[in-house]
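**Q** Mind looking at a prediction? Sequence and model below.
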Amino acid sequence: MFIDPMWAFGITLAVAFFASAAKYDAKVMRALLSLTALFNVLVFATNLSRAYYEGTFTVTIGGFAPPTGIGLQVSMLGALIALLTNAALLAVLLTLGKNRTGRFYTLLAIYVLGVSGMSLTGDYFNFFVMMELAALSTAAVMAAEGTRGAKAAFKYLMYAEIGAAFYLVGVAVLYAAAGTLNFAHLAKEVGQASTTVKAMGMLALFVGMSAEAELLPLALWVPEGYKEAPAELLALLPFGFAAGMTLIARLAAIFGLQSWVSVVAWATILYGAVAAWQSKNFRESIGYLSMAEAGIVLVALLVGANAAFAAILLTAVLGEFAMLILADGGVHAGRTAGLLLGMLALVGFPLSLGFVGEVGLLFGGLWLKMPATTVVVLVAILVKAVVLARWVSSFAGAGFVCDKRVAASLVSSLVLFIAGSVIMVQGLYDMLAVLGKVM
């Protein structure tokens, strides 16, 4: 069974418009958006299944095949990020926050639509369109939280739009050189361009994406943004980071990554780790740790450890979601348990997906290719563990309460442990199968 992903985008847009224009009770609008998110999870699950069995495939829009027309390029990672984003929206709507206005739900729907589109689009100009949808809705939702939220929104919007300007320069340079906006076609045609043109286009797109991907120099909005965002948006912010990283992965596949990218990775890891150590605010410290995690994900791309890249990226997204959904909960043992399990998943405890990714990164070429960076990554992982352990202990409380948000957090973390365990057992099974053949 396969459902065209355009159904998800079309219905989400329709619901977003309806939520803004209709005068229904907030509970009705929450229920409607929840049903939309549930439908989208089903749609992207069918896309993920097809990508698993057939590999990356293209969905044509409007009857014109790429590169002439616009198309979606559905990979396993892209479909999974879109699925998880909509599943997270469903969890947020069912567990978090008070009833909001219809316009608030409109903005949340547009943010999720933008993130899903960034993950799946096969066109780097349409990536810009989806990125702007996500950016403008993020700023609007932040601004709804009063003066401090408006300040954080302005700071975010400033960095995001500086990035957008760089991104458009990159689009112009690469389109002039290759004559196409399609990623797959760009990979074939860009070889004819000069080294300077390719480097300029790559640099402009990379800088343009750094605000969403939480990489320096444009990630300085992150701490204040995480600190002031409404609870519903806060839990969804890591998925925007994941979608941003999918673009950098595509750029790495087309152009490779130059040596200057390692400087960005170093700076982002060190800045995030040091600032997280010093932060006195839980939300803010998770924002700083998210930046450090973005730097580690970038390192995985630098050494070509694609499996480790996917594992660490998914760990960062689900691990941060597991902790951020509990950011504003009460002090009780249920919240402590959720935060503890999220912490273990996020730092790469054995049997978790993060552990698989970190081991794959270290033994997938990092130690041999970039020994100094290996030390930086290990120190950052240690700092992350200490910072999170400190927060978990500070939130420790008596009386186990397993409310909806605790349940969502626990499920998110358990997914990482189950995925990691399955991969490790399958790897052990494959090794035993090879030994059996030798014997």
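**A** That came through fine.

**Q** show me where the stretch 51-200 of the chain has strands.
**A** Using DSSP state E, counting those that start in this stretch, the strands of the stretch 51-200 of the chain run over 57-60, 71-74.

**Q** mind checking how far the first one is from the chain centre?
**A** The chain centre lies 22 Å from the centre of strand 57-60; the measure is Cα atoms, centre = their mean, to the nearest Å.

**Q** on contacts alone, who are the packing partners of that strand?
**A** strand 71-74 (3 or more Cβ pairs under 8 Å, 6 or more residues apart in numbering; DSSP states H and E). The way it works is simple: take the backbone N, C-alpha and C, and place the C-beta from them, glycine included.

**Q** Can you say which of the strands of the stretch 51-200 of the chain is packed in most?
**A** strand 71-74 (a mean of 23; mean count of other Cβ atoms under 10 Å).

**Q** ok, residues contacting that one?
**A** With contacts defined as Cβ atoms under 8 Å, 6 or more residues apart in numbering, strand 71-74 is touched by 5-6, 47, 50-51, 56-61, 65, 120-123, 182-184.

**Q** List the buried residues for the one helix or strand residue 261 maps to?
**A** Element membership of residue 261, judged by DSSP states H and E, is helix 260-278. Neighbour-count burial for helix 260-278 flags 261-262, 264-266, 268-273, 275-276 (criterion: 16 or more other Cβ atoms under 10 Å).

**Q** What's the first helix or strand after that helix?
**A** In N-to-C order, the element after helix 260-278 by DSSP H and E is helix 282-302.

**Q** returning to that earlier point: would you turn the strands of the stretch 51-200 of the chain into TSV with distance to residue 31 and mean pLDDT?
**A** Listed next are the strands of the stretch 51-200 of the chain as TSV, based on distance: least, Cβ to Cβ, whole Å; pLDDT from 0 to 100:
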stretch	distance to residue 31	mean pLDDT
strand 57-60	29	85
strand 71-74	28	86
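
**Q** Out of the ones you listed, flag the one nearest residue 143.
**A** Between residue 143 and the strands of the stretch 51-200 of the chain, the shortest gap by Cβ to Cβ is with strand 71-74, which sits at 31.0 Å.

**Q** what's the offset of the closest one from the middle of its chain?
**A** With Cα atoms, centre = their mean, you get 18 Å for strand 71-74.

**Q** mind giving me CSV with the buried residues of helix 260-278 and columns for distance to residue 409 and pLDDT?
**A** What follows is the buried residues of helix 260-278, written out as CSV (distance: Cβ to Cβ, whole Å; pLDDT from 0 to 100):
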residue, distance to residue 409, pLDDT
261, 33, 88
262, 34, 88
264, 31, 92
265, 29, 91
266, 32, 90
268, 26, 94
269, 26, 94
270, 29, 93
271, 27, 94
272, 22, 94
273, 24, 93
275, 24, 94
276, 20, 93
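
**Q** Provide a list of residues in contact with residue 7.
**A** Taking Cβ under 8 Å, 6+ apart, one finds residue 43 in contact with residue 7.

**Q** What pLDDT is listed against it?
**A** On the pLDDT scale, residue 7 is placed at 91.

**Q** Would you check how far apart it and residue 412 are?
**A** Distance from residue 7 to residue 412, counting by Cβ to Cβ, to the nearest Å: 26 Å.

**Q** Using CSV, please lay out the strands of the stretch 51-200 of the chain together with distance to residue 16.
**A** Below are these laid out as CSV (distance: least, Cβ to Cβ, whole Å):
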stretch, distance to residue 16
strand 57-60, 21
strand 71-74, 19
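
**Q** Of all those, which one comes closest to residue 178?
**A** strand 71-74 (16.2 Å).

**Q** Low-confidence bits of the stretch 251-400 of the chain, can you list those?
**A** 329-335, 364-365, 368, 396-400 (pLDDT under 70).

**Q** for residue 39, what are its contacts?
**A** Counted by Cβ under 8 Å, 6+ apart, residue 39 has contacts 8, 11.

**Q** my bad, residue 415
**A** Applying Cβ under 8 Å, 6+ apart, we find residue 415 in contact with residue 318.

**Q** That one - that's part of a helix, no?
**A** Yes - assessed with DSSP: H, G, I helix; E, B strand; the rest coil, residue 415 lies in a helix.

**Q** do you know how far it is from residue 321?
**A** Applying Cβ to Cβ to residue 415 and residue 321 gives a distance of 10 Å.

**Q** List the contacts of the closest residue to residue 76 other than its chain neighbours.
**A** Excluding its sequence neighbours, the residue lying closest to residue 76 (Cβ to Cβ, 6 or more residues apart in numbering) is residue 51, at 4.5 Å. Shown in contact with residue 51 (Cβ under 8 Å, 6+ apart): 57, 74, 75, 76, 78, 79.

**Q** Give me the subset of the contacts of strand 71-74 lying in helices.
**A** 5, 6, 47, 50, 51, 120, 183, 184 (DSSP state H).

**Q** Reformat the residues you listed as CSV; add distance to residue 257.
**A** CSV is the format used below for the ones in helices among the contacts of strand 71-74 (distance: Cβ to Cβ, whole Å):
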residue, distance to residue 257
5, 29
6, 32
47, 28
50, 30
51, 24
120, 23
183, 16
184, 19
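
**Q** now, which of those sits nearest residue 314?
**A** The closest of the ones in helices among the contacts of strand 71-74 to residue 314 turns out to be residue 51 (Cβ to Cβ; 15.0 Å).

**Q** Let me know the pLDDT of the closest one.
**A** On the pLDDT scale, residue 51 gets 90.

**Q** And it, how far from residue 410?
**A** Taking Cβ to Cβ, one finds residue 51 at 28 Å from residue 410.

**Q** likewise residue 71?
**A** 38 Å.

**Q** And residue 60, by the same measure?
**A** Noted for residue 60: a distance of 41 Å to residue 410, by Cβ to Cβ.

**Q** And residue 249, by the same measure?
**A** The value you get for residue 249 to residue 410, if Cβ to Cβ is used, is 29 Å.

**Q** the more surrounded of the two?
**A** residue 249 (21 against 18; other Cβ atoms under 10 Å).

**Q** Return the residues in contact with residue 32.
**A** The contact partners of residue 32, by Cβ under 8 Å, 6+ apart, come to 15, 18, 19.

**Q** Could you tell me which residues within the helix or strand harbouring it count as buried?
**A** Assigned by DSSP H and E, residue 32 belongs to helix 26-54. Residues 29-30, 32-34, 36-41, 43-48, 50-51 are the ones in helix 26-54 that count as buried (16+ other Cβ under 10 Å).

**Q** cool, stretch 344-357 as well?
**A** Quick answer for stretch 344-357 (16+ other Cβ under 10 Å): 344-349, 351-357.
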